[in-house]
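Asker: Sequence below, structure please.
(chains A and B)
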Amino acid sequence: MTTPIIRANNLRKRYGKDSLALDGASFTIGTGRIVGLMGPNGAGKTTALKALLGLTPFEGELSVLGRDPRRERDALMQDVCFIADVAVLPKWLRVSQALDYVAGVHPRFDRGRAETVLGKTEIRQRSKVGELSKGMITQLHLALIMAIDAKLLVLDEPTIGLDLLYRRSFYEMLLNDYFDHERTILVTTHQVEEVENLLTDVLLINHGRIVLDSSIEAIATRYLQLITSGEHLSAARALRPIHEREVFGRTVFIYEDKAAGELEGLGELRTPSVSDLFVAKMSGGVQ
Amino acid sequence: MNARSFMTLLRRETWEHRSLVWVPLLVAVLIVVSAMLSANVTNSIEIRFDGEESEFFTRLALDTAKQSQLFAVWMSSLILPLIVVGLTVLFFYLLDALYAERKDRSILFWKSMPVSDTATVLSKAFTALVIAPVWIWLLSLAMGLMVFIVVALKVGGTPLAPLGNFHVGTWFALQLTLLLNVLIASLWYAPVAAWLLLVSAWAKRAPFLWAVLPPALLVLFEDIIFATSHAAQLFTYRLTGFFSSGFGVGEVEGRGSAEHIRESIRHASEHLSALPLLGELHLYTGLVAAAVLLYGAIRLRRWRDDA
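Answerer: Numbers count the residues shown, from 1 in each chain, chains lettered A, B, ... in the order given. Coordinates of the predicted model:
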């Protein structure tokens, strides 16, 4: 892994009396990676992001770009960009004012670049955010963010509530016009299929803990998926899969840290997709 | 935080709260227009001055300097409706300033920018305590001149007192005094503004009630439990003390007589400036309270996590 941009150790965050949003989450994110932080609703994704961005108090050690977001948030935000979700640009803001504002407060904002990106859309500078569609608001937000020369971009469910065309173009813009292997992108989503082809790394979180922290390449060496049926079932189960499910009359097993040789001959072997692993890790496996 | 960022934050406030700009402007325009439409502008001056001006001034035995000062005060008194409107708009502005951004979740956008919570909260306090008052002062200045021009045109060049009594130097000196007063008023009312900002940063809903009810209940409970009224006195003094302590307006003996009126005018003309308030301890305790409340608002905005 390259130089870490984020180091989190034993993050804990309690909401109310006995609801733990983060329960000892630890992870490291390297520079130039595109990391998906995924988990079911309420798993702690958004809380983890809020901790990284210094938006919420928490316990534990955390360093983002060498800074503690609790104490050095203002300086940190020069190098970190953040899109919460489509709803956060205020309705009264005009597009031209949004450009004026970011140009006025952000030393790394390239207004010309934002205007070029906006020029390719149907968004007019006179429009107010309240007059734009959800998809256009996201385009506007992305145009603003893409024109900022930041080291870390954090996206929290950025495409939620958007139709397919906008969702597709959102990630295309991000990958083609923004990502350059020196920046790092951290994206949370519960729609795993949508992002799994973009990612270089996966962080799965459940009940406030990291249950999987792996690069995409490492998944192929650590995890195996076996599809089988009939007489091989008991042999397959004996090898202690982490997950088992039925698909069209056949049974799909997922194994962790098993040599392919052990499973040979029991059925069809392949590398599980991120979605398969997500399901396996989240449902707690077979006991 | 540099000057350019802070200017941008101030511009942002006028984009979001345009009523701060155009409501006082609208009232100023209405006053000028009604002065134009009214056929009796000069009459109203006469009424105000209790009859024929020359006679009025003669009876009061005021010298020319005092007469032009009195006239300048009359022109500037047009600021009063602007102040009333301005205070109303500012009250709702301050209650909304840190509340609306949490309600529509835009705080997550503002917080994604390299702007500290301190700068944000201070930009809002600065808007309420400096930008809006100075804007109202500018409007009243322009409005006073326009009404004067309307009066002058209506009178048509006859040597009536309003024209004769307009003295640019006196008028301008009074405007500067007025600006000074406006800024001293800001210092005096800073704790009120800071309280409203704190409520705005804190309330989950109904900031208006949270701003008004706790002080009201405090007064009520103090009365019921201790049968005292320290809180009531404190709040009343804070709200009205600018006028009662600021200008040293005292009672003049012999109400109703010409002597009384002359003395009152003389007294008032010597107390046009609120500078005495700077010698008032309460001004400074208020500023300390304002600082504490603003610090609370900054902390709340920094750590409150409900967006």
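Asker: going forward, measure contacts and count neighbours with C-alpha atoms only.
Answerer: OK.
Asker: Can you name the residues of chain A that neighbour chain B?
Answerer: A:55-57, A:74-78, A:80-84, A:87-90, A:92-93, A:100-102, A:104-106 (CA under 8 Å from any CA of the partner chain).
Asker: Okay, now the unreliable bits of chain B?
Answerer: Applying pLDDT under 70 to chain B picks out residues B:1, B:38-62, B:154-165, B:246-259, B:261-262, B:264-265, B:268-269, B:307.
Asker: Near chain A, which residues of it? Just list them.
Answerer: Residues of chain B lying near chain A (CA under 8 Å from any CA): B:4-6, B:8-9, B:12, B:15-16, B:101, B:104-109, B:112-116, B:302-305.
Asker: Narrow the residues you listed to those that are buried.
Answerer: Among the residues of chain B next to chain A, those scoring as buried are B:5-6, B:8-9, B:12, B:15-16, B:101, B:105-109, B:112-116, B:302 (criterion: 16 or more other CA atoms under 10 Å in any protein chain shown).
Asker: who are the neighbours in contact with residue B:203?
Answerer: When contacts are counted by CA atoms under 8 Å, 6 or more residues apart in numbering or on different chains, residue B:203 touches B:99, B:210.
Asker: Quick check: the gap between it and chain A.
Answerer: 18 Å (CA to the nearest CA, to the nearest Å).
Asker: Make a PyMOL selection of the buried ones in the residues of chain A next to chain B.
Answerer: In PyMOL, this line selects whichever of these come out buried by 16+ other CA under 10 Å:
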select buried, chain A and resi 55+56+57+74+76+77+78+80+81+82+83+84+87+88+89+90+93+101+102+104+105+106
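Asker: Out of the residues of chain A next to chain B, list just those in strands.
Answerer: A:80, A:81, A:82, A:83 (DSSP state E).
Asker: Which element, helix or strand, includes the closest residue to residue A:101 other than its chain neighbours?
Answerer: What sits nearest to residue A:101 in space, not counting adjacent residues and going by CA to CA, 6 or more residues apart in numbering or on different chains, is residue B:8, at 6.1 Å. Element membership for residue B:8 (DSSP states H and E) is helix B:3-16.
Asker: what does that helix contact?
Answerer: A:92-93, A:100-101, A:104-106, B:20-21, B:119-120, B:123-124, B:127.
Asker: Now do the domain split for chain A, please.
Answerer: Annotated domains of chain A cover A:4-207, A:218-282 [automatic domain parsing].
Asker: Need the per-residue pLDDT for residue A:187.
Answerer: pLDDT recorded at residue A:187 is 92.
Asker: ditto for the one 4 residues further on
Answerer: Here, the pLDDT recorded for residue A:191 equals 78.
Asker: where does the stretch 101-250 of chain A have low pLDDT?
Answerer: Short version for the stretch 101-250 of chain A, where the test is pLDDT under 70: none.
Asker: Find the closest residue to chain B in it.
Answerer: Nearest to chain B in the stretch 101-250 of chain A, going by CA to the nearest CA, is residue A:105, at a distance of 4.6 Å.
Asker: Now do the helices in the stretch 1-150 of chain A.
Answerer: A:45-52, A:73-76, A:95-105, A:111-119, A:134-146 (DSSP state H, counting those that start in this stretch).
Asker: Residue B:197: which of the ones you listed is closest?
Answerer: Of all the helices of the stretch 1-150 of chain A, the one in closest proximity to residue B:197, counting by CA to CA, is helix A:73-76 (21.2 Å).
Asker: tell me what that closest one is packed against?
Answerer: Applying 3 or more CA pairs under 8 Å, 6 or more residues apart in numbering or on different chains; DSSP states H and E, we find helix A:73-76 packed against no helix or strand.
Asker: Quick check: mean pLDDT of that helix?
Answerer: Mean predicted confidence for helix A:73-76 is 91.
Asker: Report the central residue of chain B.
Answerer: By CA atoms, centre = their mean, chain B has its centre lying nearest to residue B:83, at 4.6 Å.
Asker: Not counting its neighbours along the chain, what's nearest that residue?
Answerer: Among residues not flanking residue B:83 along the chain, residue B:136 sits closest, at 7.2 Å (CA to CA, 6+ apart).
Asker: Residues in contact with the helix or strand the one you found falls within: which ones?
Answerer: Residue B:136 is part of helix B:132-155 when elements are defined by DSSP H and E. Helix B:132-155 is contacted from outside by B:20-21, B:24-25, B:28-29, B:31-32, B:35-36, B:41-42, B:75-76, B:78-79, B:82-83, B:86, B:90, B:162-163, B:175, B:178-179, B:182-183, B:186, using CA under 8 Å, 6+ apart.
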